[in-house]
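# Okay, structure incoming, though there's no sequence with it:
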């Protein structure tokens with residue numbers, strides 16, 4: 001049974017002579033990752049894993065690398081055709097990586113490249129724990145507004161690990177591993193409960209007052225309101241498990257039986273449940289296969305989603321809400337990845353529609369800039385005057401440094417004594433260490449060995465808050 005079950009945002013580890021966690025010995029351990037990978041555009045893509053010691057990479061059922069032996073590799077092999085597969089459209093493919101460490105150094109890195117010769121470590125926004133219903137960088141969340149929504153379960157003989165919409169995991173240990181229908185001990189940071197029924201259905205009762213139903217394979221099948229006077233009319237969620245482990249199909253009001261229905265593209269003309277995109281505007285005729293293309297409401301209205309063509313990356317290009325409220329998106333390429341660069345909301349779209357020839361400029365868009373590492377350097381709001389030469393546009397700018405784990409933000413037209421509005425530092429795990437506001441007040445955070453917040457100290461007030469957790 002696994003010692004650690006967690007969600008890693010990226011497969012890029014160099015443990016040296018250490019291990020993935022305190023519970024794991026430094027040698028003679030193995031690891032297994034499974035999830036989904038979404039490439040940014042149609043192409044022939046090549047993949048490999050490097051590290052120390054043995055590793056096996058499988059994508060969409062195709063074994064692309066199988067070096068199951070002691071030794072280390074430092075250069076990825078992205079040669080065609082052995083390590084490559086063709087991807088048509090914006091596809092989300094299942095990925096599985098197996099790894100073992102025998103002795104000495106330990107580490108593993110997942111690489112990708114295209115036939116043009118470029119290669120890079122697979123970024124976090126390519127990877128997900130479930131097949132996505134929207135392109136990379138977008139997230140479909142139909143929860144009640146909390147971050148505790150459970151989306152997936154990993155079932156073992158000793159425990160059940162639940163994942164929420166933020167990819168945080170919660171391990172519920174069985175009170176009696178020999179009894180498949182025994183009770184569960186919740187983790188210290190969770191207040192929800194988990195039970196299993198004789199038919200193998202797992203029911204997680206969340207802090208949000210909802211019950212999440214998983215089948216024996218861990219797939220989310222339904223979400224319903226817990227019987228509670230405080231939530232007498234909470235919505236019920238229905239999922240299509242025949243297509244994906246957690247693809248939302250309907251949201252139903254149990255009182256009026258009104259329903260919101262989600263439709264997903266079949267890509268090919270004539271077989272998709274969604275209407276074709278309007279012509280002449282640069283949209284793909286249909287969205288990529290499996291992507292959300294329409295949301296139907298009980299009153300006959302709907303929300304429509306249009307995508308860029310396959311050769312332009314199959315990204316989300318426009319959302320049209322009831323009443324023709326339109327939001328447009330445009331992208332730029334950063335390190336071979338399509339990245340959001342421009343946004344025009346419905347108010348700006350209405351203003352442009354009054355005189356498209358004169359007003360259809362970047363003055364009526366929010367603009368986002370990036371550095372060569374793919375980090376945001378500026379977010380600039382639309383011009384209040386509609387002028388492309390407006391120097392008074394509201395903007396936040398971001399710089400990284402002077403330390404390698406530090407970022408600073410400045411605000412256009414605002415110059416405090418330290419010449420920045422906020423400064424944040426973080427540790428190797430991405431956890432906030434210090435934050436400094438515009439007044440120079442510094443807040444310091446510490447963390448325990450279990451990745452839990454241990455204390456928060458405000459230097460201006462001299463006050464410190466400390467958290468303790470049961471073991």
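Received it, and whenever you're ready, just let me know what you need. If you're wondering where the values come from, they're calculated on a predicted model, not measured in any experiment.
# pLDDT score for the nearest residue to residue 51 once chain neighbours are set aside?
With CB to CB, 6 or more residues apart in numbering as the criterion, residue 51 has its nearest non-adjacent residue at 3.6 Å, and that residue is residue 108. All C-beta spots, glycine's among them, are computed from the backbone N, C-alpha and C. According to the prediction, residue 108 has pLDDT 95.
# helices and strands around the helix or strand containing residue 108, which ones?
Residue 108 is located in strand 106-114, with elements delineated by DSSP states H and E. Contacts of strand 106-114 with other secondary structure elements, assessed using 3 or more CB pairs under 8 Å, 6 or more residues apart in numbering; DSSP states H and E, are made with strand 12-16, strand 43-52, strand 92-101, strand 119-121.
# Residue 138: what's its closest spatial neighbour, skipping adjacent residues?
With CB to CB, 6+ apart as the criterion, residue 138 has its nearest non-adjacent residue at 5.9 Å, and that residue is residue 316.
# Surely that neighbour is in contact with residue 136?
No - in terms of CB atoms under 8 Å, residue 316 does not count as a neighbour of residue 136; the distance is 10.0 Å.
# so what's the residue nearest to residue 51 bridging to?
For residue 108, the beta-bridge partners are residue 13, residue 51 (DSSP bridges).
# And for residue 260?
Each beta-bridge partner of residue 260 is listed here, defined by DSSP bridges: residue 251.
# picking up where we left off before, residue contacts, the residue nearest to residue 138?
For residue 316, the residues meeting the contact criterion (CB atoms under 8 Å, 6 or more residues apart in numbering) are 134-135, 138, 305-308, 329.
# swap in residue 348?
By CB under 8 Å, 6+ apart, the residues touching residue 348 are 364-365, 382.
# Neighbours of residue 315, how many?
A count of nearby residues for residue 315, using other CB atoms under 10 Å, gives 24.
# Phi and psi next, for it.
Dihedral angles phi and psi of residue 315 (degrees, to the nearest 10) take the values phi -100, psi 160.
# ok, it touching residue 307?
Yes - between residue 315 and residue 307 a contact is recorded at 6.5 Å, counting by CB under 8 Å.
# Residues in a beta bridge with the residue nearest to residue 138, which ones?
Counting by DSSP bridges, residue 316 forms beta bridges with residue 307.
# Ok, residue 445 next?
Counting by DSSP bridges, residue 445 is bridged to residue 456.
# show me the contacts for the nearest residue to residue 427 once chain neighbours are set aside.
Nearest non-adjacent residue to residue 427, counting by CB to CB, 6+ apart: residue 433, 5.6 Å away. For residue 433, the contacting residues are 405, 425-427, 444-445, by CB under 8 Å, 6+ apart.
# Please pick the buried ones from the residues you listed.
For those, a burial check counting by 16 or more other CB atoms under 10 Å picks out 425-426, 444-445.
# Tell me how far residue 117 lies from residue 387.
Distance of residue 117 to residue 387, given as CB to CB, to the nearest Å: 43 Å.
# I should have written residue 372 there, sorry.
Summarising the geometry, the distance separating residue 372 from residue 387, computed by CB to CB, is 30 Å.
# residue ranges for the helices of this structure, please.
Counting by DSSP state H, the segments of the chain that form helices are 346-353, 356-359.
# Adding mean pLDDT and distance to residue 180 as columns, could you present the ones you listed in a markdown table?
Conversion of these to a markdown table gives the following (pLDDT from 0 to 100; distance: least, CB to CB, whole Å):
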| stretch | mean pLDDT | distance to residue 180 |
| --- | --- | --- |
| helix 346-353 | 95 | 52 |
| helix 356-359 | 94 | 64 |
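# Most tightly packed of those helices?
Mean neighbour counts were compared across the helices of the chain using mean count of other CB atoms under 10 Å; the top stretch is helix 346-353, at a mean of 16.
# just how off-centre is stretch 168-181 within its chain?
In terms of CA atoms, centre = their mean, to the nearest Å, the gap separating the centre of stretch 168-181 from the centre of its chain is 26 Å.
# That stretch: which residues count as buried?
169-174.
# repeat for stretch 96-104
97-101.
# Give me the contact list for that stretch.
For stretch 96-104, using CB under 8 Å, 6+ apart, the contacting residues are 11, 15, 17, 19, 27-34, 49, 51-59, 68, 70, 108, 110.
# go on, stretch 450-467?
Judged by CB under 8 Å, 6+ apart, the contacts made with stretch 450-467 from elsewhere in the structure are 188-189, 429, 431, 439, 441-448, 469.
# Quick check: end-to-end length of it?
The separation between the terminal residues of stretch 450-467, taken as CA to CA, to the nearest Å, is 12 Å.
# and what of stretch 213-225?
Across stretch 213-225, the terminal residues are separated by 11 Å (CA to CA).
# tell me the contacts of the nearest residue to residue 403 once chain neighbours are set aside?
Leaving aside its chain neighbours, residue 403 sits nearest to residue 425 (6.5 Å; criterion: CB to CB, 6+ apart). Residues in contact with residue 425, defined by CB under 8 Å, 6+ apart, are 403, 405-406, 432-435.
# Share the number of residues neighbouring residue 213, please.
By other CB under 10 Å, the residues close to residue 213 number 19.
# Residue 126: how many residues sit nearby?
With neighbours defined by other CB under 10 Å, the count for residue 126 comes to 19.
# For it, give its distance to residue 412.
When CB to CB is the yardstick, residue 126 and residue 412 sit 33 Å from each other.
# Equivalent analysis for residue 123, please.
Per CB to CB, residue 123 is found 29 Å from residue 412.
# neighbour count winner among these two?
With neighbours defined as other CB under 10 Å, residue 123 and residue 412 compare such that residue 123 has more, 18 against 15.
# Next one, pLDDT for that one please.
84.
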